[in-house]
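J.: Pasting a predicted model and its sequence here:
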Amino acid sequence: MAASGFGGGEAFRLSAAPGAGALKLHKGDITLWSVNGATDAIVNAANERMLGGGGVDGAIHQAAGPELVQACRKVPEVRPGVRCPTGEARITPAFKLPVSRVIHTVGPIYDMDKHPEVSLKNSYENSLKLAKENGIQYIAFPAISCGVFRYPPKEASKIAVSTAQQFSEDFKEMICTRFGARLPRRCYHNFRNEWSYSF
């Protein structure tokens, strides 16, 4: 099934297993992406309050409409002002977006987190676990923490791909997007079944 909202992009199998899904790299607006409006979801690089912000977070809230922030307000706080701690994920309907769900996750602030690689891995892993639990087959990620949170894109991409491989047979497609910024030139797959981006 073809996704709408994006043009062509590079695609790779996440593993050699017969049922392995594909990883696709795209440059475009994640709020326009969809597959079928029933089993697709986009991931929001949120903050811990889950009430909107700048960058991709603000764009997703704007495209989804005011119902999204209302749904986020209903997510219970785990401590004052925190609905989704760093590394965790929450799910809401997508409202005016063309996908079925929005998965909100909070990535680490690179130079403030004691173990940013662990927190970033948790963000991807918990997002994928939540998607799987909710019957999502197609999922699109922004470059979590690579904007104002200053995570180096090359390091972040290795974590994103290695985590995605753990779920290679659980999803039909995983999309990695960047808006207004360059994507990796290539995604290499070596004989040990490891992926890495080349910038």
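T.: Nice, I can see it. What you are looking at is a predicted structure, and each value in this text was computed from that prediction instead of being measured.

J.: Around A59, how many other residues sit close by?
T.: 17 (other C-beta atoms under 10 Å). C-beta here means a position set from N, CA and C on the backbone, and glycine is covered the same way.

J.: again, but for E169
T.: E169 has 12 nearby residues by other C-beta under 10 Å.

J.: how close does the nearest residue to it once chain neighbours are set aside get to A164?
T.: In this structure, E169 finds its nearest non-sequential neighbour in G19, 4.7 Å apart by C-beta to C-beta, 6 or more residues apart in numbering. Counting by C-beta to C-beta, to the nearest Å, the gap from G19 to A164 is 15 Å.

J.: Check G81 too.
T.: With C-beta to C-beta as the criterion, G81 and A164 are 31 Å apart.

J.: which one of those two has more residues nearby?
T.: With neighbours defined as other C-beta under 10 Å, G81 and A164 compare such that A164 has more, 23 against 10.

J.: Could you pull up the residues touching that one?
T.: L14, L23, Y124, L128, M174 (C-beta atoms under 8 Å, 6 or more residues apart in numbering).

J.: rerun that using 6 Å as the cut-off
T.: Contacts for A164 (C-beta atoms under 6 Å, 6 or more residues apart in numbering) come out as L14, M174.

J.: From N44, how far off is L51?
T.: Going from L51 to N44 by C-beta to C-beta gives 12 Å.

J.: So which of the two has more stuff around it?
T.: Between L51 and N44, N44 has the larger neighbour count (other C-beta under 10 Å), namely 35 against 16.

J.: isn't there a strand covering that one?
T.: Yes - assigned with DSSP: H, G, I helix; E, B strand; the rest coil, N44 falls within a strand.

J.: gap between it and D29?
T.: For N44, the distance to D29 equals 13 Å [C-beta to C-beta].

J.: isn't there a strand covering the residue nearest to E169?
T.: No - under three-state DSSP, G19 falls outside any strand and is assigned coil.

J.: Next, K24: secondary structure please.
T.: strand.

J.: and it, what pLDDT?
T.: The score at K24 is 89. That number is its pLDDT.

J.: Run through the bridge partners of it.
T.: For K24, the beta-bridge partners are A11, I175 (DSSP bridges).

J.: can you count the residues close to it?
T.: For K24, the count of nearby residues is 20 (other C-beta under 10 Å).

J.: Surely it touches C176?
T.: No - counting by C-beta atoms under 6 Å, K24 does not reach C176; the two are 7.2 Å apart.

J.: can you pull out the strands in the chain?
T.: 10-13, 22-27, 40-45, 89-93, 101-105, 138-141, 173-178, 186-189, 195-198 (DSSP state E).
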